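Q: have a look; sequence and predicted model below, questions after that.
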Amino acid sequence: MTNIPHYLGGYNIIKLKPISFGALQGKTSHTCSSCINFSIFDSWTQSWVKQNLGKTQQAELNINDEKIKEIQKWTEAKFDNLANLFPTLEDAKEFKNLFLENIPDLGIYSINFSEIDANF
């Protein structure tokens with residue numbers, strides 16, 4: 001087997017959810033796929049995108065509209081051009097500690113691309 005280099009794309013905070021379909025229904029998967037898990041650092045963290053966080057997700061994260069504005073202010077002050085990923089592990093940890101301190105089942109995951117995928 002050949003060792004293919006990988007490149008770090010960034011980090012995200014993921015809330016694990018039970019899989020809701022297929023043979024693995026009810027189990028959890030440590031994946032950044034937002035089809036399966038709740039990808040926390042998404043477009044709603046930027047005020048200019050106009051994507052709202054649903055009430056169910058607000059309840060899961062224990063945040064209200066005021067806290068969302070605080071998160072948006074932090075995000076926009078920290079990053080110029082955001083691709084819904086934290087560029088460093090430290091940024092992801094800071095966000096989690098500032099805004100999601102007591103939320104269970106959260107993990108910080110890295111997004112990596114193989115050299116083949118990075119050069120398409």
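A: Alright, I've got the coordinates. Residues are numbered from 1 along each chain as shown.

Q: please make it C-alpha for all contacts and neighbour counts, starting now.
A: Noted.

Q: now do the helices in the protein.
A: Taking DSSP state H as the test, the helices found in the chain are 55-61, 65-78, 89-99, 115-118.

Q: W48: which of the ones you listed is closest?
A: With distances scored as C-alpha to C-alpha, the stretch of those nearest to W48 is helix 65-78 (9.2 Å).

Q: give me the contacts around the closest one.
A: W44, T45, Q46, S47, F99 (C-alpha atoms under 8 Å, 6 or more residues apart in numbering).

Q: closest to N12 out of the helices of the chain?
A: helix 89-99 (6.7 Å).

Q: next, the angle from that closest one to helix 65-78.
A: Here helix 89-99 points in a direction 160 degrees away from that of helix 65-78 (axes from the mean of the first three to the mean of the last three C-alpha atoms, to 10 degrees).

Q: contacts for helix 89-99, please.
A: Residues contacting helix 89-99 (C-alpha under 8 Å, 6+ apart): G10, Y11, N12, I13, I71, F86, I108.

Q: weed out the non-buried ones from these.
A: Among the contacts of helix 89-99, those classed as buried by 16 or more other C-alpha atoms under 10 Å are G10, Y11, N12, I13, I71, F86, I108.

Q: least trustworthy helix or strand in this structure by mean pLDDT?
A: Across the helices and strands of the chain, mean pLDDT, DSSP states H and E gives its lowest value to helix 115-118, namely a mean of 70.

Q: worst mean pLDDT among the helices of the chain?
A: Mean pLDDT per stretch puts helix 115-118 lowest among these, at a mean of 70.

Q: and the gap between I103 and I40?
A: 11 Å (C-alpha to C-alpha, to the nearest Å).
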